[in-house]
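In: Here is my input, please return the structure:
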Amino acid sequence: MSQCIALLGGSFDPVHRGHVALAALFAGLLHPDQLRILPARPWQKSSLVATDAQRLAMLELAFAGQPYKVLIDRQEIDRGTPTYTVETLRGLRRELGDASSIVFVMGADQLQKLDTWRDWHALFALANLGVAARPGYALEQDRLPPAVADELAGRLATPAEVRAAAHGKVCLAHTLAVDISATEVRKSLRAGAPDNTDLGARLPPQVLDYIQQHNLYKS
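Out: Next up is the predicted model:
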């Protein structure tokens, strides 16, 4: 059987429990040979707060000791310029070959705006998609942009079918009920919450320690 690589990209500014839960969900569904965490230099966001080194350090802390094989993939950071998902997937396909199953993992909020991504139709010739529900963002096709719903219509598949396909399939997971926003986390950190209870519910403890030690997101 060909290998299966799951890929979770994002700004991770900072990485939070929602990211970890999303990765764990698809690790359990797909049993990938490797889960790659890909910190992005997103073209949509002009100003990341944490440095590349800080984001990498927080990711290493957040994903240490997971029961599945994790690689923090530095390719977008090392490229040094804002990049597009389709370009990253083309590079990964060249690296892994035509037979490998690549599954790009995202939340339902990203699926809702997939038709705004560069060359988004080309994504399906490069990878499969794994999409998890998120409170406030429906996965039902009549709630998606029509172009996205049309593209997904013939592609829906079980996790096993996605794992066995090199590209072109979509697995929808309705079981993730985590609603955490990095924007809201940064806002709470800037406000200087009187205790860590709320932040501890949203950030892995080792990541919260790192943020506090390095005085991140205070201004």
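In: Only C-alpha atoms from now on, for both contacts and neighbour counts.
Out: Will do.
In: so where is the protein shaky, pLDDT-wise?
Out: Counting by pLDDT under 70, the chain has low-confidence residues at 1, 43-46, 193-197.
In: pull the longest helix from the chain.
Out: helix 17-30 (DSSP state H).
In: Do you have the strands of the chain handy? List them.
Out: 4-10, 34-39, 70-72, 101-107, 128-132, 170-173 (DSSP state E).
In: Partner strands of the fifth one, with direction?
Out: Looking back up the chat, that one is strand 128-132. Strand 128-132 has these partner strands in its sheet, going by DSSP bridges: strand 101-107 (parallel), strand 170-173 (parallel).
In: same check, this time on the shortest one
Out: Applying DSSP bridges to the sheet, strand 70-72 is found paired with strand 34-39 (parallel).
In: What are the contacting residues of the partner strand?
Out: 4-12, 23, 27, 55-56, 68-77 (C-alpha atoms under 8 Å, 6 or more residues apart in numbering).
In: Could I have the ChimeraX command that selects the buried members from these?
Out: Selecting only the buried members of these in ChimeraX, with burial defined as 16 or more other C-alpha atoms under 10 Å, works like this:
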select :4,5,6,7,8,9,10,11,12,23,27,55,56,68,70,72,73,76,77
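In: do you know how far residue 171 is from residue 39?
Out: According to C-alpha to C-alpha, to the nearest Å, residue 171 and residue 39 sit 23 Å apart.
In: err, residue 176, not the other one
Out: Using C-alpha to C-alpha, residue 176 is found at 21 Å from residue 39.
In: swap in residue 132?
Out: Counting by C-alpha to C-alpha, the gap from residue 132 to residue 39 is 19 Å.
In: Tell me which of these two has more neighbours.
Out: Shown here are residue 132 and residue 39; by other C-alpha atoms under 10 Å, residue 132 has more neighbours (26 against 23).
In: Which positions within stretch 206-215 qualify as buried?
Out: So for stretch 206-215, counting by 16+ other C-alpha under 10 Å, buried means 207-208, 211.
In: For the protein, just list every one of the helices.
Out: According to DSSP H, the helices that the chain contains are 17-30, 52-62, 75-79, 85-96, 108-111, 146-152, 159-164, 182-191, 197-202, 205-213.
In: Now render those helices as CSV, adding distance to residue 128.
Out: Below are those laid out as CSV (distance: least, C-alpha to C-alpha, whole Å):
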stretch, distance to residue 128
helix 17-30, 12
helix 52-62, 24
helix 75-79, 20
helix 85-96, 11
helix 108-111, 13
helix 146-152, 11
helix 159-164, 7
helix 182-191, 25
helix 197-202, 29
helix 205-213, 30
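In: of all those, which lies closest to residue 136?
Out: helix 108-111 (8.4 Å; C-alpha to C-alpha).
In: Restrict the closest one to CA atoms and write it as PDB.
Out: Taking C-alpha atoms only, helix 108-111 is exported to PDB below (Å, rounded to 0.1, in the frame of the first residue of the first chain):
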ATOM      1  CA  ALA A 108     -15.000  24.000   7.900                       C
ATOM      2  CA  ASP A 109     -14.400  27.700   8.000                       C
ATOM      3  CA  GLN A 110     -11.700  27.300   5.400                       C
ATOM      4  CA  LEU A 111     -13.900  25.100   3.200                       C
END
